[in-house]
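A.B. asks: Make a model of this:
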Amino acid sequence: MSWNIADAKQRFSELIKQAVAEPQLIYNRKRLVAAVIDAEDYQAFKAWSEQRAARTLADEMAELRALMQEEDYALTPPPRSTRPSAFTAACDD
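C.D. replies: Next comes the predicted model:
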């Protein structure tokens, strides 16, 4: 449900009760300024965020390679069209 700041202040108890069922979005002049969520959802997000922060770029790349292999997907960049590639030119020699 959406709230403007004035309504959220006046009906704070109701806002909190409804946050258990679904996130409550608070707007100020049509701009989202806050979201009130259930405490369990917040704890789950916090745990997920901490787990993701502990991962390295190498971990992320390994996961991407595994997903690409599962899907039988190959990433093939298009040939360079604006200027020759020094790397491919060196490989051709």
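A.B. asks: Got the phi and psi for L32?
C.D. replies: The phi/psi pair for L32 (degrees, to the nearest 10) reads phi -70, psi 120.
A.B. asks: check contacts around the residue lying closest to it once chain neighbours are set aside.
C.D. replies: Counting by CB to CB, 6 or more residues apart in numbering, L25 is the residue found nearest to L32 once chain neighbours are left out, at 5.9 Å. Placement of C-beta: from N, CA and C, glycine included. Contact partners of L25, counting by CB atoms under 8 Å, 6 or more residues apart in numbering, are M1, S2, W3, L32, A34, A35.
A.B. asks: just how off-centre is the worst-scoring helix or strand of the chain on mean pLDDT within its chain?
C.D. replies: Counting by mean pLDDT, DSSP states H and E, the chain has its least confident helix or strand at helix 86-92, which shows a mean of 76. In terms of CA atoms, centre = their mean, to the nearest Å, the centre of helix 86-92 is set 37 Å apart from its chain centre.
A.B. asks: wait, M68 sits on A62?
C.D. replies: No: the criterion here is CB atoms under 8 Å, and M68 misses it with A62 at 10.8 Å.
A.B. asks: who touches stretch 13-22?
C.D. replies: With CB under 8 Å, 6+ apart as the test, stretch 13-22 has contacts from M1, W3, A8, Q24, I26, V36, I37, D38.
A.B. asks: Give me the buried subset of those residues.
C.D. replies: For the contacts of stretch 13-22, a burial check counting by 16 or more other CB atoms under 10 Å picks out W3, A8, Q24, I26, V36, D38.
A.B. asks: how about the strands of this structure, start to end?
C.D. replies: If DSSP state E is used as the criterion, the strands of the chain fall at 2-4, 24-28, 31-36.
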